[in-house]
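S.K.: Show me the folded form of this:
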Amino acid sequence: MQISLLQCQSSRDVTANLAYIDSQLKCLPRHQGETQLVVLPECSLLFGGHEKQQLDVAGDDETSHLKNALADLAKQHQVYMVAGTIPILAGDGRVFSRSYLFDDAGDTLGSYDKLHLFDVDVADNTQSYRESDTFCPGERITVVKTPFGNVGLAICYDIRFPELFRALRLAGADFIALPSAFTKVTGEAHWQTLVKARAIESQCFLLAADQWGQHNQGSRETWGQSMIVDPWGEVLAERKTGLGWVQHQVSLESLEKIRQQIPVMQHNRFKVPSLIS
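M.R.: Predicted coordinates:
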């Protein structure tokens, strides 16, 4: 199968962001009959302003026009799609940052609400990030069965919490998709190290799709370096800067070999957090 990550520079213009994703899917390099898994970055349809703008475009699970628009693209272009993140009403005046996995008919196979919220101080133009003012944290992990393997879902700041990735592996994950919008400051310091570490620890393929560049005249700046990392920690493909696709064909044979040679799940003597649903 082929993995394709899309590196974006999303703005506050939902229509323009959607048109960009559509245009990239139209020219997506692919082979006839080959299964294609596409991963979009975090906030791919709305990014670059204050998080509270997510409230203006939020809907519920059934009526979200953002969800429906991306599901339609998955169907139109016949790809499995981890659809970045979409704001979904939480019922307490906030929204969930939700990632959906659609199949190539546009049907929903599963979803995940971001567990760990980015409430931190960073030495950049924004300086203070408080996602919990807008977002409600999720309460479960998600691993979705597909014809090409089991896909675990995580989002951006989740990468700093290795317990989540171990839980995803124990729940059967072969791939872990990580839609992200890492700041330039934290990305330059930690992004590659964290992605490679989570791949090695979980013995899964890490599919890390990131935003890149300056958004909305420089009010936000993200790191980029979208990358596909194998269970041995090898970077199979990456795009450090710029926009477009990061692609690689993968097989589960190498994953099974690594797990047999170094059976860390059988050796681990610590209990996993009980968030499996």
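S.K.: And the lengthiest strand in the chain, what does it pack against?
M.R.: Looking across the chain with DSSP state E, the single longest strand is strand 95-102. With contacts taken as 3 or more CB pairs under 8 Å, 6 or more residues apart in numbering; DSSP states H and E, strand 95-102 sits against helix 54-57, helix 65-77, strand 80-82, strand 86-89, strand 108-113, strand 149-153, strand 175-180. To be clear about C-beta, it is placed using only N, CA and C from the backbone, and glycine gets the same treatment.
S.K.: Listing request: residues of the protein with sub-threshold pLDDT.
M.R.: Residue ranges of the chain with pLDDT under 70: 273-277.
S.K.: For stretch 42-49, list the C-alpha coordinates in CSV.
M.R.: Listed in CSV are the C-alpha atoms of stretch 42-49, where the atom choice follows Å, rounded to 0.1, in the frame of the first residue of the first chain:
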residue,chain,number,x,y,z
GLU,A,42,-4.1,19.1,12.2
CYS,A,43,-6.5,22.0,11.5
SER,A,44,-6.1,21.6,7.8
LEU,A,45,-9.4,23.4,7.0
LEU,A,46,-8.9,26.3,9.5
PHE,A,47,-5.7,27.5,11.0
GLY,A,48,-3.6,30.5,11.7
GLY,A,49,-5.8,32.6,14.0
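S.K.: Compute the number of surrounding residues for the nearest residue to K26 once chain neighbours are set aside.
M.R.: Using CB to CB, 6 or more residues apart in numbering and skipping residues adjacent in sequence, the residue nearest K26 is H77, 7.3 Å away. A total of 19 residues lie near H77 under the criterion other CB atoms under 10 Å.
S.K.: quick one, what contacts H77?
M.R.: The neighbourhood of H77, defined by CB atoms under 8 Å, 6 or more residues apart in numbering, consists of 25-26, 28.
S.K.: T241 is in contact with G224, isn't it?
M.R.: Yes - between T241 and G224 a contact is recorded at 5.4 Å, counting by CB atoms under 8 Å.
S.K.: what is in contact with the two at once?
M.R.: Taking CB under 8 Å, 6+ apart as the criterion, T241 and G224 both touch 212-213.
S.K.: sorry, back to before: out of the helices and strands packed on strand 95-102, flag the one nearest Q36.
M.R.: Q36 sits nearest to strand 80-82 of all the helices and strands packed on strand 95-102, at 6.7 Å, using CB to CB.
S.K.: Report the beta-bridge partner residues of the residue nearest the centre of the chain.
M.R.: Geometric centre of the chain, nearest residue: P179, 1.9 Å, by CA atoms, centre = their mean. Going by DSSP bridges, P179 is paired in beta bridges with A209.
S.K.: which residues touch I88?
M.R.: The contact partners of I88, taken as CB under 8 Å, 6+ apart, are 58-61, 64, 67, 95-96, 98, 113.
S.K.: Dump those to a markdown table, plus distance to Q247 and neighbour count.
M.R.: Supplementary listing: the contacts of I88 in a markdown table, determined by distance: CB to CB, whole Å; neighbours: other CB atoms under 10 Å:
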| residue | distance to Q247 | neighbour count |
| --- | --- | --- |
| A58 | 32 | 20 |
| G59 | 32 | 16 |
| D60 | 34 | 11 |
| D61 | 31 | 14 |
| S64 | 28 | 20 |
| K67 | 25 | 23 |
| V95 | 31 | 23 |
| F96 | 30 | 23 |
| R98 | 26 | 25 |
| D113 | 28 | 21 |
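S.K.: Determine which two of these are furthest apart.
M.R.: Maximum pairwise distance in these, criterion CB to CB, is 14.7 Å, between G59 and D113.
S.K.: what sits up against the helix or strand hosting Q260?
M.R.: Under the criterion of DSSP states H and E, Q260 resides in helix 252-261. Contacting residues not belonging to helix 252-261 are listed as 149, 174, 203-205, 230-232, 265 [CB under 8 Å, 6+ apart].
S.K.: Now the buried members of these.
M.R.: Among the contacts of helix 252-261, those classed as buried by neighbour count (16 or more other CB atoms under 10 Å) are 149, 174, 203-205, 230-232.
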